[in-house]
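Fold the following and give me the result.
(2 chains, ligands or ions: 2)
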Amino acid sequence: MSSTHAQSGTGTNYLNCTKGMSSWLHTLDHKRIGIMYLFTVLSFFLLGGFFALLIRWHLFSPDHHLLSAGNYNKAFTYHGAIMVFLVIIPAIPAAMGNFVLPMMIGAKDVAFPRLNLFSYYIFVLGAIIALCSLFFGGADTGWTFYTPYSIHAGTTVIFVVLGAFVAGFSSILTGLNFIVTLHKLRAPGMTWSRLPLFCWALYATSIIQVLATPVLAITLLLLIFEQVFKIGIFDPKLGGDAVLFQHFFWFYSHPAVYIMILPSMGIISEVIPVFTRKPIFGYKAIAYSSFGIALIAFIVWGHHLFVSGQSEMANFVFSLLTMFVAVPTGIKVFSWVATMYKGSIRFNAPFLYALGFLELFTIGGMTGVFLATLAIDVHLTDTYFVIAHFHYVMVGGTLMGLMAGLHYWFPKMSGKMYCETSALISFVLIITGFNVTFFPQFILGAQGMPRRYWSYLPEFTLLNQISTVGSWFLGAGFLFSAYYFIQALRKGEQAPDNPWDSKSLEWWSPSPPPVENFLKDPVVTTWTYEYRSAKV
Amino acid sequence: MIFSEALAADSLPIQGSEIAARWDHLYLFLFWLSVFFFVLVVGGMIYFAIKFRHQKKHQPTYITHNHLLELIWSVIPTIILMVIFVWGYSVYHAMITPPDDAYEVRVIGKQWFWQFQYDDGRMTVDKVFVPVNKPVKFIMSSEDVVHSFFVPNFRVKQDVVPGMYTSVWFEATVPGRHQIYCAEYCGTRHSLMLADLYVLEPEQWIAWKAGKKLTGISEAGGGNPPSSGGDLVDQGRKVTTVKGCVACHSDDGSPKVGPTYKGLFGAKVELTNGSTVIADENYIRESIENPQAKIVKGFGPVMPSFKGLINEEEMNAVIAYIKSVK
Ligand SMILES: [Cu+2]
Ligand SMILES: [Cu+2]
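Ligands and ions are numbered 1, 2, ... in the order given. Sure, this is the predicted structure:
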C-alpha cells in the first residue's frame, strides 16, 4: 500500500517511511502508536461485540437456553469488561487522541514518545492477562467485581482484575503524556483560547485518568490481596465491609464514565463546525463545561449506591450533586444544536454520526436524570432501564463519537477516501439497530426486569425478542463499516490533504502526514473555528 | 402523543402499594419532560439540518455565541433539576421511613433463595405473607453475598448485604400475589432467586396467623417453626441460654459482667470513648459479632466474639428477644 502515496509532495510519509512489522513494534511515532491502538481496540470491539450478540441471542426467548447459567454469566462479564476496559476507555483518547492531538496543536509528537510506546505495551499486556482468564474457566462476577461474591469466585477473577489493574497504568501514563504535550508543545500562536475543543476535552479527560485510575488500581489490588492472603477488607466473613468495595469501585468508575464520554464530545465539537461551515457556538462554555463535568465527576459516585444501605443523608447529597452534572452536559448539547443554526450543512458520514450522537445522547442523558432522582432510582436501578441508559450514553455517546472521528480523520490517517454511500447505509443500519435493540430495554426495566438475568418471566418475551432482532442490525452495521473501511484501504480514492475543508491544524499537513507531521513548522494566526470566509 | 402516553403508563407494573402512585406521578413527569427536551433538541436538530442544508446560494452566518441564550439554557435546566431533586427526595423519604407500628418480618437472602421469619416463630421459603393495608417492615440480612430485594409492584428495592441489616417497608393495597426478584447479581442462579409475596385480606390474614390452610394459595398454611419451637422471642431467649450469654447478661435490669438487655433496644448507649450510639439492629449485631468495636461505658472489653457461632436465623431471634425486654 505504500508506493501510491506520491501526492504528498515529498513522497514519504509516516506509513511508508520504514517497513516491516518490527518498524511498527519499535516505533516512537505517535501516529503509528495511535494506529496500533486503533487496531487493537477494534479487535477487542469485535470480541466484545461477539459476546453481546451471544447474550442477545440467548435472551431471544425465556427458556431457549442457548447458554448454561454459568456460561451466560461469563458472557456478560466478558462483554462488559472488554467493552469498558479494553474498548471504550482507550478508544478515543489512546487511539484517536494519540494520532490527532499532537497534530492539532502543531507538534511533532507527544512530549514523551518512549513512554507512549510503553503505555501501549502495558495496555496489551493488561489485555492479555485479563483474557488469559478465559482459558482457566472464565470469570463470572460481572465487570463490576462486587464483593464478597468476587472473593469467593475463584482465581480466574484475579486474572481479569490484574489485567484491568495493569491496563490502568496505560491510561494514567497516556493522560500524563497528553497534559505535558498540551502544555509544552503547542505551536507558536496556538494559544489556549485557540485550542481545538477536542484538545480541551482530552485535557479534562487526562486529569480524570491521572487522578482517578490510581484509586481503581488500589481497589483491585486490595481485592487480589483479600483473595490471596484472606485479609478481611471487603468480606464480612473475614471482618470486612462488603459495601466499601462498591464505594472504592465507583469512586473510579463514575469518573471513568467521563473518561469515556468527554473525548467523544470533543470529536462532536470538531465535526459540527466543519460540516456546518460555522464557528462552534459557545466555544468557552463548551471548553469550561468539560472541566465542570470532570470536577463534579469526582463527587457523585454514591449515586450508584442509592439502595446499597448507604445513609439517607449520603443519598440526599449524592442525588443533589448528580443533578448538577446535567447542567454542563445540557450546555454542550444546546451549543451543538445552536451551531447548526444558519449554517451550510453537508451530510458526510462524520456529520451523520454527530447527528446520531445528538439523538442517542439526548435520550441517554435524560434517562440519566431519571436515575439521579432518588425515589425513581430505587425502582429502576439494577433493571434493564439502567442497561438501556448506559448503552445510550456509552454506545450512543462514545461509539457514535468514535465513528464520527474515524470517518472524519480516516483520510488523514490512511490517505484514502471511504465510500460515502456505504457509510450512509451502515449509519442507517447502526442507528436503527441501536434504537431497536435498546429502546425496548427501557420499558423492560420500568416493568421490573432485573439485569444480569439468565432466564426471565414469559411476560418479558416480546420486548426481548425485539431487542435481539435489533442487535442483528446493529452488528451488521458495524461489520459493514469494517468492510468498506478495509475496501477503502485497499483501493480507495486518494485523499486530498484537506477533504473537508477544515480549519484545524492537522489538515495543513499532507494526507497521510510525513513522520514529522508538517512539511514546515506551522504558525497559528487564527482561532480554530474561524469559518468566516467559508469556501462553499 | 397518545401512543407515548400509553407507552409510559402501560410500561409500569400495577400500583400495589401506597407509594406506587406517588412514584408513578414523578415518573410520568420525568417522562413528559424528556419528551419535551427530546423534541426540542432532536426536533431542532432535524429542522436545522433540513433548513440549513448546503445550497449553492446559501452563505453560512458567522455566529460565535450569545450570552443571553447561554444563560437561559444554564439557568432554566438548573431550576427544573432542583424541582426534580426535591420531589424525588420527598418521595424517597416517605419510601424509606416506616411508621413505628409496622409489622416486622425478618428476611434472609441466601444463594439462591429467600427465607422469611415471622414473629410467631414460623418460617417460609420463597414465599411471604403480609396483611393488606397495614405497614409492613422487612428487616433483611444475607448469609453469603449481596442480594437485592425487589418488588416492582410496590416500587421498592433494597440491597441485602452480608454482615449488616437493611430494611424495606411498604403498605400493600392490592391483595393477591406479587413478584419478588433478586436484583443484585449473586451468582449462577441469580435469575432464579424469585419469590412470591402474598398480600392477604383481613380474614385470610387471621387464618394464616392461626396456621389454617389458605384457599387458593398452595401449601400456604405451612411454614414450619424451627426445631426448637416457640415464637421468635422464645427462640432468641433459648439461643442466649445455649450460647452462654446469660452468664454475663440479664434481662431484668440487674447488671452482671455485661450490661442488662432490659430497655436496651432503641436506647442511647454511652461508650467508653465518650460517644453515644442508638441501639438498633445493626448495633446489637455488631456487639455480638465484633464486641471490641464499641465498648459500653463502665464495662470491660471481656465479651468474646460470637462471629460465625450464631447463624442468621439465631441472630434475628436474639435481636427480637432483646427488643422484647423493655
Ligand atoms: Cu456514576
Ligand atoms: Cu441475585
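
Using PDB, list the CA coordinates for stretch A:112-132.
Extracted in PDB, the C-alpha atoms of stretch A:112-132 (Å, rounded to 0.1, in the frame of the first residue of the first chain):
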ATOM      1  CA  PHE A 112       7.300  11.500  25.800                       C
ATOM      2  CA  PRO A 113       7.300   9.300  22.800                       C
ATOM      3  CA  ARG A 114       9.000   6.400  24.600                       C
ATOM      4  CA  LEU A 115       6.500   6.500  27.400                       C
ATOM      5  CA  ASN A 116       3.800   6.500  24.800                       C
ATOM      6  CA  LEU A 117       5.000   3.200  23.300                       C
ATOM      7  CA  PHE A 118       5.500   1.800  26.800                       C
ATOM      8  CA  SER A 119       1.800   2.700  27.600                       C
ATOM      9  CA  TYR A 120       0.700   0.800  24.500                       C
ATOM     10  CA  TYR A 121       2.600  -2.300  25.600                       C
ATOM     11  CA  ILE A 122       1.300  -2.100  29.100                       C
ATOM     12  CA  PHE A 123      -2.200  -1.900  27.700                       C
ATOM     13  CA  VAL A 124      -1.600  -5.000  25.500                       C
ATOM     14  CA  LEU A 125      -0.100  -6.800  28.500                       C
ATOM     15  CA  GLY A 126      -3.100  -6.000  30.700                       C
ATOM     16  CA  ALA A 127      -5.400  -7.100  28.000                       C
ATOM     17  CA  ILE A 128      -3.600 -10.400  27.600                       C
ATOM     18  CA  ILE A 129      -3.600 -11.100  31.300                       C
ATOM     19  CA  ALA A 130      -7.300 -10.300  31.500                       C
ATOM     20  CA  LEU A 131      -8.200 -12.500  28.500                       C
ATOM     21  CA  CYS A 132      -6.000 -15.400  29.800                       C
END
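
Can you give me the distance of the nearest residue to residue B:291 once chain neighbours are set aside to residue B:245?
Spatial nearest neighbour of residue B:291, chain neighbours left out: residue B:303 (3.9 Å); criterion: Cβ to Cβ, 6 or more residues apart in numbering or on different chains. The C-beta positions use only the backbone N, C-alpha and C, and glycine is treated the same way. Taking Cβ to Cβ, to the nearest Å as the measure, residue B:303 falls 9 Å from residue B:245.

quick revisit: may I have the residues that are in contact with the residue nearest to residue B:291?
B:248, B:258, B:287, B:291 (Cβ atoms under 8 Å, 6 or more residues apart in numbering or on different chains).

you'd agree the third one is up against residue B:294?
Yes - Residue B:287 lies in contact with residue B:294 (Cβ atoms under 8 Å); the separation is 6.9 Å.

Those two - which one has more neighbours?
More crowded of residue B:287 and residue B:294, by other Cβ atoms under 10 Å in any protein chain shown: residue B:287, with 23 against 15.

And the residue nearest the centre of chain A?
The residue lying closest to the centre of chain A (Cα atoms, centre = their mean) is residue A:88, at 3.2 Å.

who's in contact with it?
Contacts of residue A:88 (Cβ under 8 Å, 6+ apart): A:260, A:394, A:398, A:399.

Which element, helix or strand, includes the nearest residue to it once chain neighbours are set aside?
In this structure, residue A:88 finds its nearest non-sequential neighbour in residue A:260, 4.7 Å apart by Cβ to Cβ, 6+ apart. In this structure, residue A:260 sits in helix A:242-276 according to DSSP states H and E.

neighbours of the residue lying closest to residue A:36 once chain neighbours are set aside, just the number please.
Closest residue in space to residue A:36, ignoring its immediate chain neighbours: residue A:120 at 6.0 Å, by Cβ to Cβ, 6+ apart. Residues lying near residue A:120 (other Cβ under 10 Å) number 24.

State the helix or strand in which residue A:120 lies.
Using DSSP H and E, residue A:120 sits in helix A:113-132.

following that helix, which helix or strand comes up?
Once helix A:113-132 ends, the next helix or strand along the chain (criterion: DSSP H and E) is helix A:149-152.

Just the residues contacting that following helix, thanks.
Counting by Cβ under 8 Å, 6+ apart, A:141, A:157, A:161, A:223, A:226-227, A:234-235, B:144-146, B:185-187 sit against helix A:149-152.

and it, is it in reach of ligand 2?
No - judged by Cβ under 5 Å from the ion, helix A:149-152 stays clear of ligand 2, getting no closer than 9.2 Å.

and residue B:275, how many residues sit next to it?
Other residues close to residue B:275 by other Cβ under 10 Å number 10.

quick one: it from ligand 2, how far?
To ligand 2, residue B:275 is 36 Å away according to Cβ to the ion, to the nearest Å.

Tell me the pLDDT of residue A:328.
Residue A:328 carries a pLDDT value of 93.

ugh, wrong one, I meant residue B:5
Reported pLDDT for residue B:5: 50.

how about the helices in the stretch 1-150 of chain B?
In the stretch 1-150 of chain B, the helices defined using DSSP state H, counting those that start in this stretch lie at B:2-10, B:18-38, B:44-51, B:67-96.

Please point out which parts of the longest one sit buried.
Buried residues in helix B:67-96, counted by 16 or more other Cβ atoms under 10 Å in any protein chain shown: B:70, B:73-74, B:77, B:80-81, B:84-85, B:87-89, B:91-92, B:95-96.

swap in the second one?
Within helix B:18-38, the residues scored as buried using 16+ other Cβ under 10 Å are B:18-20, B:22-24, B:26-27, B:30-31, B:33-34, B:37.

for the third one, same thing?
When neighbours are counted by 16+ other Cβ under 10 Å, the buried residues of helix B:44-51 are found to be B:44, B:45, B:48, B:49.

ok, these vs residue B:193, which is closest?
Minimum distance to residue B:193 across the buried residues of helix B:44-51 is 43.8 Å, recorded for residue B:45 (Cβ to Cβ).
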